[in-house]
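Novice: Could you work out the structure for the sequence below:
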Amino acid sequence: MDDKLKKEDAGRKEQPFPTAKQSMLEIQKNFLLKIKIIELLDNHPAYLSVRQITDLIPDATFNAVKLACSELREEFDMLYQPEQIELIVNPRKGMKLIRKGKNIHTLIEHVITESLTYKIICQVFLERQVNVADFCQHHYISNSTLARQLKLINQTLHNYNMHISFSNRMSLKGQEGTIRLFLQFLLFDVHSTIDSIPWITDSQTYLTLTTKILRYLNVSVLENQVQHIATFVFLISNSIQRKFNIQSNDTTLAYRSYYYFPNQPAFLADWSEADWHFFLIYIHASNISSIPFSLITKEPLPFASNVHIWLDCFEQEFGTIETTKKERMVDTLHREFLLDAIFCIDEFLLALNEIVRITNLSKDFPEYIERFQRFWKNFSAQCLSLNSLDYMKEISFLNSVSLVNLIAFNPTIKVFVFSNVAQLHQQFIETRVNYHLSKYQVIFVTNYLEADIVISTVTFLNHLPAHQKLVEIRASLPITDLIAVEQAVEEVLQIS
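Specialist: As a prediction, this is how the structure comes out:
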């Protein structure tokens, strides 16, 4: 791993590290600004100037945005073909992002893996002690630059009761289980698969071992899931080979007495029982890739009180949950509370792979988001034991959507469609309109007097009351007509 991770940065001049606000790491400063810029461009079909982008990003400066945009253009040109993603720069209009069925994960991976923070964390977490002079020489930095960077890194590590000391060596202190989990979440967020981690040169060894473990557990998974678990198997194996043992009183194993564990397979003879239980607890609790594996829980259930509070607060805002859905949610919540109890996913890890931006949905689903925010405020006030508050909020939102559709509280619109072509053509129009207005609850009526919107392929001769809107469309229903229908809906809702 050493030679691969210590990639020489020839020609790079050392730069003084900028003053950081709060506990902002280098990864966050460079990476998050670029991600915010990409999100703005991704959600805006027209061009955006650097000034417009700056105005839309809180705390961003014009020069920082200008530099980030310049770097993004170079990175997109280097990482993607024009038929995949194009970042178009027009001197007069600004920038526009065109994605053609390709996500930006390659860009995210590139930005993070080239950062000094990533290189420090990976090497120190794997080796636990790293010679400072050798590290600085390989990465063309001074001791003072490394010391400043470690100070920022430690601000995050202290949230996990971990610390990297600095003298002639960088030395990591912390509980073994937390060290392994922190690096696992970091690598998963950045790389997703073990094959894409450049400094793991023998990934096939761990893929083979992982496949063997999953067969032993009788778990059938997709190749992506095997890749995900193989990274964790690598981290456990690395610790065992370097004699970094996990102790039976490790915080990550604090709840193992509540579960029944399958026997450890003979082919994992170099793993301790604690290693085996640690592996299974992670697979059971994380559920990141929907791996179909569950530990059997003993009575009493460890997080029954938290689960009861969550369900009670949820039903206060969203109504009674169907029995079958509630049973599945109880199991899901127990896993989520277990992960929260053994490991804190703080703002640093969350920023690398933010699951959902709840506030971005307020415009399309205002009533739903208001109800969820009230639910979360009530729940978090009653459940004071949570470690990963922001992460649990995002996970709870996904739980919420799995129970109640996002459009459940959106306005209901009654639509009457008249086509002078044929009945089947009318049904075609209704299908297209319903799809386009998917954020509303659309009801098609047979009596035009009951409708909020009347859509017609010809001049509609019947008199319409003042509160109704008429939209005349072409029989082919082009996108401009669908937009006109949506505008009419918005006007009706504003009036009502």
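
Novice: And the strands in the stretch 51-200 of the chain?
Specialist: Taking DSSP state E, counting those that start in this stretch as the test, the strands found in the stretch 51-200 of the chain are 85-90, 94-99, 129-131, 163-166, 169-173.

Novice: okay if I get the ones you listed as a markdown table plus mean pLDDT, distance to residue 400 and mean neighbour count?
Specialist: Heads up, the C-betas are built off the backbone N, CA and C, glycines and all. Converted to a markdown table, these look like this (pLDDT from 0 to 100; distance: least, Cβ to Cβ, whole Å; neighbours: other Cβ atoms under 10 Å):
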| stretch | mean pLDDT | distance to residue 400 | mean neighbour count |
| --- | --- | --- | --- |
| strand 85-90 | 89 | 32 | 16 |
| strand 94-99 | 90 | 28 | 18 |
| strand 129-131 | 98 | 44 | 14 |
| strand 163-166 | 97 | 37 | 16 |
| strand 169-173 | 98 | 38 | 17 |
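
Novice: Verify the stated contact: residue 339 with residue 286.
Specialist: Yes. With contact defined as Cβ atoms under 8 Å, residue 339 reaches residue 286; the gap is 5.9 Å.

Novice: who has more neighbours, the two?
Specialist: Neighbours of residue 339 and residue 286, each counted by other Cβ atoms under 10 Å, are more numerous for residue 339; the result is 24 against 21.

Novice: name the element the more buried one belongs to?
Specialist: helix 323-342 (DSSP states H and E).

Novice: Can you tell me the SS state at the nearest residue to residue 156 once chain neighbours are set aside?
Specialist: Nearest-residue entry for residue 156: residue 348, 4.6 Å, with adjacent residues in sequence omitted and distances by Cβ to Cβ, 6 or more residues apart in numbering. Secondary structure state of residue 348, per DSSP: H, G, I helix; E, B strand; the rest coil, is helix.

Novice: Use 294 as the first number for this chain going forward.
Specialist: Done: numbering now begins at 294, and the last item shifts to residue 641.

Novice: Test my guess that residue 641 contacts residue 448.
Specialist: No. Using Cβ under 8 Å, residue 641 makes no contact with residue 448, being 9.1 Å away.

Novice: Between those two, tell me which one has more neighbours.
Specialist: The residue with more neighbours, out of residue 641 and residue 448, is residue 641; 23 against 15, by other Cβ under 10 Å.

Novice: How about the contacts made by the residue nearest to residue 463 when sequence neighbours are not counted?
Specialist: In space, and not counting its chain neighbours, residue 463 is closest to residue 423: 4.6 Å by Cβ to Cβ, 6+ apart. Applying Cβ atoms under 8 Å, 6 or more residues apart in numbering, one finds that residue 423 lies in contact with 416, 417, 462, 463.

Novice: Same question for residue 634.
Specialist: Here residue 634 is in contact with 547, 548, 595, 596, 678, 680 (Cβ under 8 Å, 6+ apart).

Novice: From residue 632, how far out is the last one?
Specialist: For residue 680, the distance to residue 632 (Cβ to Cβ, to the nearest Å) stands at 9 Å.

Novice: for the second one, same thing?
Specialist: In this view, residue 548 and residue 632 are 10 Å apart by Cβ to Cβ.

Novice: Surely residue 712 and residue 723 touch.
Specialist: No. Assessed by Cβ under 8 Å, residue 712 is found out of contact with residue 723, at 9.5 Å.

Novice: So for these two, which sits in the more crowded spot?
Specialist: residue 712 (20 against 17).

Novice: Need the max-distance pair from the contacts of residue 423.
Specialist: Using Cβ to Cβ, the contacts of residue 423 span at most 11.8 Å, a distance reached by 416 and 462.

Novice: how about TSV for the contacts of residue 634, with secondary structure and pLDDT added?
Specialist: TSV is the format used below for those (DSSP: H, G, I helix; E, B strand; the rest coil; pLDDT from 0 to 100):
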residue	secondary structure	pLDDT
547	coil	96
548	coil	96
595	coil	90
596	coil	95
678	coil	89
680	coil	91
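
Novice: who's in contact with the nearest residue to residue 358 once chain neighbours are set aside?
Specialist: Excluding the flanking residues, the one nearest residue 358 by Cβ to Cβ, 6+ apart is residue 347, at 4.6 Å. Contacts for residue 347 (Cβ under 8 Å, 6+ apart) come out as 353, 354, 355, 358.

Novice: Which of those residues fall within helices?
Specialist: 355, 358 (DSSP state H).

Novice: okay, among the contacts of residue 347, which ones form the most distant pair?
Specialist: Within the contacts of residue 347, 353 and 355 form the most distant pair, 8.0 Å apart (Cβ to Cβ).

Novice: Flag the shaky bits of this structure, pLDDT-wise.
Specialist: 294-323, 581-582, 646-648, 789 (pLDDT under 70).

Novice: Domain boundaries for it, per the record?
Specialist: Using automatic domain parsing, the domains assigned to the chain come out as 294-466, 597-701, 704-788.

Novice: Redo those domains as a markdown table? Include distance to residue 558.
Specialist: Below are those laid out as a markdown table (distance: least, Cβ to Cβ, whole Å):
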| stretch | distance to residue 558 |
| --- | --- |
| domain 294-466 | 25 |
| domain 597-701 | 23 |
| domain 704-788 | 48 |
